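*Asks:* Requesting a structural model of the entry that follows:
(one chain, ligands or ions: 2)
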Amino acid sequence: MALKRRYLEDIEKSLKQYSGLNLIVEGNEVSLKGQWSLEQDGIVLQTYDILISIPEDYPVCVPIVYETGGKIPRKMDRHINPSSGDACLFVEDERWEIWPIGASFKEFLDVPLRNFFIYQAYFEVMGHFPQGERSHGIIGKIEYFLEKFNLDSEDTVLNILMTAESPSTQNLLCPCGKSRKLKYCHGPVVHRMKTNINSEIWNKTIFQLKERRFERRSHSIEKRMKIQEDFFNTSPLDIL
Ligand SMILES: [Zn+2]
Ligand SMILES: [Zn+2]
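*Replies:* Ligands and ions are numbered 1, 2, ... in the order given. Sure, this is the predicted structure:
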């Protein structure tokens with residue numbers, strides 16, 4: 001399956017503003033290669049060699065970006081997947097708010113890609129990302145949900161997601177503890193997110209949150225058992 005013509009044209013159009021990038025079409029494979037410059041007041045702050053690979057099912061799948069000049073270490077805490085070397089541009093659940101399906105390729109370059117390189121350049125100087133930058137992987141997802149729900153407990157987030165799954169629960173009390181029905185509390189935000197987040201990603205996130213809860217609980221059971229064991233291993237005289 002080749003990339004649809006209109007998407008190719010949209011990508012070509014974006015290159016008017018991004019003259020450092022060259023479009024390469026080889027058979028069904030579409031990519032962009034070149035330099036990404038960060039400029040401020042006409043001064044180039046940093047330049048990155050990059051490769052952007054356009055997936056066949058673009059724009060459902062996000063373009064895959066590589067920094068090929070070796071300026072960014074392949075580390076998860078630098079938002080580079082160590083095994084594949086591709087850049088992690090945003091939390092996948094958050095995509096609809098950053099670069100929704102239907103947005104142009106130019107917007108992809110203007111927003112998530114530009115931010116990615118600004119943050120990387122910031123890291124090079126400061127040794128850390130600016131405040132508010134999401135963590136990598138599931139922790140970044142949790143940060144997003146906590147922010148969206150205006151909560152500070154991962155457990156409560158999962159309780160809300162699990163309760164709100166079914167439409168028949170809208171009259172139940174919201175699990176956040178504010179004594180409001182779900183439909184007047186976290187129901188609408190869950191609905192909005194569920195409508196906009198790809199269902200595979202949505203289900204994966206819920207699964208990951210359930211797994212994490214399971215692990216937390218088994219750890220606390222282990223801990224309790226260890227305390228009990230220690231207690232009963234002690235001679236009654238020692239306890240007294
Ligand atoms: Zn990341
Ligand atoms: Zn609520």
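
*Asks:* now stretch 86-94: how far from the chain's centre is it?
*Replies:* How far stretch 86-94 lies from its chain's middle: 4 Å, per CA atoms, centre = their mean, to the nearest Å.

*Asks:* now the residue nearest to the spatial centre of the chain, nearest residue through space, not along the chain?
*Replies:* When the chain is reduced to its mean C-alpha position, the closest residue under CA atoms, centre = their mean turns out to be residue 91, at 0.9 Å. Nearest residue to residue 91, sequence neighbours excluded (CB to CB, 6 or more residues apart in numbering): residue 140, at 4.5 Å. Every C-beta, even on glycine, is put in place using the N, C-alpha and C of the backbone.

*Asks:* Tell me if residue 57 really is in a helix.
*Replies:* No - per DSSP: H, G, I helix; E, B strand; the rest coil, residue 57 lies outside any helix segment and is coil.

*Asks:* what helix or strand does the residue nearest to residue 91 sit in?
*Replies:* Assessed by DSSP states H and E, residue 140 sits inside helix 137-149.

*Asks:* Kindly report the same for residue 53.
*Replies:* With DSSP H and E as the test, residue 53 turns up in strand 43-54.

*Asks:* Pull the residues that contact that strand.
*Replies:* 3, 7, 11, 21, 29-39, 63-69, 71-72, 113, 117, 120-121, 124 (CB atoms under 8 Å, 6 or more residues apart in numbering).

*Asks:* List buried members of those by neighbour count.
*Replies:* 3, 7, 11, 21, 30-34, 36, 38, 63-67, 72, 113, 117, 120-121 (16 or more other CB atoms under 10 Å).

*Asks:* Sort out for me which of those are in strands.
*Replies:* Of the buried ones among the contacts of strand 43-54, the ones assigned to strands by DSSP state E are 21, 30-34, 36, 38, 64-67.

*Asks:* From those, which shows the smallest pLDDT?
*Replies:* Across those, the smallest pLDDT goes to residue 38, namely 92.

*Asks:* could you measure that residue against ligand 1, distance?
*Replies:* According to CB to the ion, to the nearest Å, residue 38 stands 19 Å off from ligand 1.

*Asks:* what pairs with that residue across the strands?
*Replies:* Beta bridges link residue 38 to residue 46, judged by DSSP bridges.

*Asks:* ok, it touching residue 118?
*Replies:* Yes - under the criterion of CB atoms under 8 Å, residue 38 makes contact with residue 118 at 6.4 Å.

*Asks:* How about residues contacting stretch 191-208?
*Replies:* So stretch 191-208 is contacted by 60, 92-93, 95-97, 100, 138, 141, 145, 148, 158, 161-162, 164 (CB under 8 Å, 6+ apart).

*Asks:* what is the rounded mean pLDDT of it?
*Replies:* 95.

*Asks:* Just the CA atoms of it, as PDB, please.
*Replies:* Output in PDB follows, covering the C-alpha atoms of stretch 191-208 (Å, rounded to 0.1, in the frame of the first residue of the first chain):
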ATOM      1  CA  HIS A 191     -15.900  10.300  27.100                       C
ATOM      2  CA  ARG A 192     -14.000  13.100  25.200                       C
ATOM      3  CA  MET A 193     -10.700  11.300  25.600                       C
ATOM      4  CA  LYS A 194     -12.100   7.900  24.600                       C
ATOM      5  CA  THR A 195     -13.700   9.400  21.500                       C
ATOM      6  CA  ASN A 196     -10.400  10.900  20.400                       C
ATOM      7  CA  ILE A 197      -7.800   8.400  21.500                       C
ATOM      8  CA  ASN A 198      -7.100   5.400  19.200                       C
ATOM      9  CA  SER A 199      -9.000   2.500  20.800                       C
ATOM     10  CA  GLU A 200      -5.900   0.200  20.700                       C
ATOM     11  CA  ILE A 201      -3.900   2.800  22.600                       C
ATOM     12  CA  TRP A 202      -6.700   3.400  25.000                       C
ATOM     13  CA  ASN A 203      -7.100  -0.300  25.800                       C
ATOM     14  CA  LYS A 204      -3.300  -0.700  26.100                       C
ATOM     15  CA  THR A 205      -3.200   2.100  28.600                       C
ATOM     16  CA  ILE A 206      -5.900   0.600  30.800                       C
ATOM     17  CA  PHE A 207      -4.200  -2.700  30.600                       C
ATOM     18  CA  GLN A 208      -0.900  -1.200  31.700                       C
END
